[in-house]
Every structure is written in C-alpha cells, then in structure tokens.
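Engineer: Predicted model and sequence follow; I will ask about them next.
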Amino acid sequence: MSIEKLLISSCLMGENVKYNGKNNLIDLAQLREQYELIPFCPEVAGGLPTPRLPSEIVSFTPLKLINNKGKDVTHNFIIGAKKTVNLVKKEGITKALLKANSPSCSSAFVYDGSFERQLVKGKGITTLFLREIGVEVFDENSNFWL
Ligand code: SF4
C-alpha cells in the first residue's frame, strides 16, 4: 500500500531556502512514519534568489507584495503559488504542512506590510491558492500529525 504524500515547506525540511539563507527545520521523525514528504519552496519556485530581501503582503485586494526596499514582487509570489498548485495536482496531494507567518506559506497570520514585525490575521499566497483547490493546509504549530 502506498503511503500518503504530504507537501511540506522546504525550509521545515531543513533546506536553506529562507530569505536569510537559513532554514526552519522541525522534528520530522513522526511525520516520516506517516507520510511521504514532498518539499517545495514557492518563493524559490517563483524566481526569487536565496538569500533575498524579506517580503510582506501590503494588500490582498488588489494583491500586492513588496520587499523591504519597496520592489513589487507580487508576480514572483503568484508564479510560486501556481507552481505549487501544479505540483500538488500532479502528485495527488491533498494535505500540506507549511511554515507559519510566511507571506507564501502561512495559514493563519502574516506580517502587515509595514516591515515592523506586526502580525495580522491572514494567509500566505500559496496557502490561498491551495485552499482554493481543496488542499488542507496546516502549519508546524498545529502538530496535526502527533
Ligand atoms: S516560501 Fe515557504 S518554503 Fe520557502 S522559505 Fe518561505 S516559508 Fe519556507
């Protein structure tokens, strides 16, 4: 019997793809027992370099993201989200474990666009795209696998 696939933020798997060139590695032991982990980073997939300047969502309608130098990076985030959707469709993935508080991956809170470390309720762009097609998205604080 094949094991269920789980999309996971690459940085949670220990890949150094964060904006600052680091990662957000979590304990993967129990997850690996239950799922085949499929790592993906929407921001890298969207063409952004690593390391890169941090970005925040300044508006959902219309959608706009900028980096902390004011450059519009909306296009990169949309490309990354679309590539994530393509991947989950191809792999038959219905569940995702994505990094909290990220403008791409968050499922509950995002920074408010002021670059003052202020969190507000909101979801990352990739999470919004994934939920549109019915993918369940959790973050690492949910411990849904325990
Ligand atoms: S976009 Fe997602 S996977 Fe990539 S570094 Fe940010 S939180 Fe991690």
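Structural biologist: Here it is on my side, so go on.
Engineer: where do the strands sit along the protein?
Structural biologist: In the chain, the strands defined using DSSP state E lie at 5-9, 36-40, 55-60, 63-67, 95-97, 109-111, 119-121, 136-138.
Engineer: Which neighbouring elements make contact with the fourth one?
Structural biologist: The reference is to strand 63-67. strand 55-60, helix 74-91 (3 or more CB pairs under 8 Å, 6 or more residues apart in numbering; DSSP states H and E). For the C-beta atoms, the positions are set from N, CA and C on the backbone; glycine is no exception.
Engineer: The ligand contacts on this protein?
Structural biologist: Residues of the chain lying near the ligand by CB under 6 Å from any ligand atom: Ser9, Ser10, Cys11, Val17, Lys18, Cys41, Pro42, Glu43, Lys99, Ser102, Ser104, Cys105.
Engineer: Could you identify which of those has the most neighbours?
Structural biologist: When neighbours are taken as other CB atoms under 10 Å, the top entry among those is Cys105 (34 neighbours).
Engineer: Tell me who's in contact with the nearest residue to that residue once chain neighbours are set aside.
Structural biologist: Spatially, and ignoring its direct neighbours in sequence, Cys105 is nearest to Leu98 (3.7 Å; CB to CB, 6 or more residues apart in numbering). Listed by CB atoms under 8 Å, 6 or more residues apart in numbering, the contact partners of Leu98 are 7-9, 12, 104-107, 124, 126-127, 137-139.
Engineer: how does it look with 7 Å?
Structural biologist: Residues near Leu98 by CB atoms under 7 Å, 6 or more residues apart in numbering: Ser9, Cys105, Ser107, Thr126, Thr127, Val137, Asp139.
Engineer: and the third one, how many neighbours?
Structural biologist: The local packing of Ser107 (other CB under 10 Å) involves 26 other residues.
Engineer: I figured it was touching Glu140, is that so?
Structural biologist: No: with contact defined as CB atoms under 7 Å, Ser107 does not count as touching Glu140 (10.1 Å).
Engineer: pLDDT wise, what is Met1 at?
Structural biologist: pLDDT recorded at Met1 is 67.
Engineer: correction: Trp145
Structural biologist: 89.
Engineer: Identify the residues contacting it.
Structural biologist: So Trp145 contacts Gln30, Leu31, Gln34 (CB under 7 Å, 6+ apart).
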